[in-house]
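Chemist: Need a 3D model of the following:
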Amino acid sequence: MTLLFDDTKKLEKALGEEAAGVLIGILEKQEEDSRRDIATKQDLREAELRLTAEMLRMKNDLTVRMGALLAATVAVIAALKFFG
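Modeler: Below you'll find the predicted structure:
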């Protein structure tokens, strides 16, 4: 929110030069703070890439666990057949 010259002059006329200057400073600081909180396309792309990588890692982890579970199940069945 950048104040236009006309807006600045209106504030100075209504509030006085010193009070208008203080108010304008507060508004500009608020604008700077809010701009830091806005995500850019680059921020969103980086978040997407991190989430995609994390999902792939989780998928691989799940695949390994399912393979281990399957191997253990086969081993139990084989042991039951052998000793049963």
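Chemist: Quick check: can you list the domain ranges of this structure?
Modeler: Split into domains by automatic domain parsing, the chain comes to 1-38, 49-84.
Chemist: okay, those in JSON lines with mean pLDDT and mean neighbour count next?
Modeler: In short, each C-beta sits where N, CA and C put it, glycine included. What follows is those, written out as JSON lines (pLDDT from 0 to 100; neighbours: other Cβ atoms under 10 Å):
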{"stretch": "domain 1-38", "mean pLDDT": "83", "mean neighbour count": "11"}
{"stretch": "domain 49-84", "mean pLDDT": "96", "mean neighbour count": "10"}
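Chemist: any idea how far the residue nearest the centre of the chain is from residue 41?
Modeler: By Cα atoms, centre = their mean, the mean C-alpha position of the chain lies nearest to residue 47, the distance being 6.0 Å. Distance of residue 47 to residue 41, given as Cβ to Cβ, to the nearest Å: 11 Å.
Chemist: which residues do these two both contact?
Modeler: Among the neighbours of residue 47, none is also in contact with residue 41 (Cβ atoms under 8 Å, 6 or more residues apart in numbering).
Chemist: In this protein, mark out all the helices, start to finish.
Modeler: 5-15, 17-36, 41-83 (DSSP state H).
Chemist: How far off centre is the shortest one?
Modeler: Right, the one you point to is helix 5-15. The chain centre lies 39 Å from the centre of helix 5-15; the measure is Cα atoms, centre = their mean, to the nearest Å.
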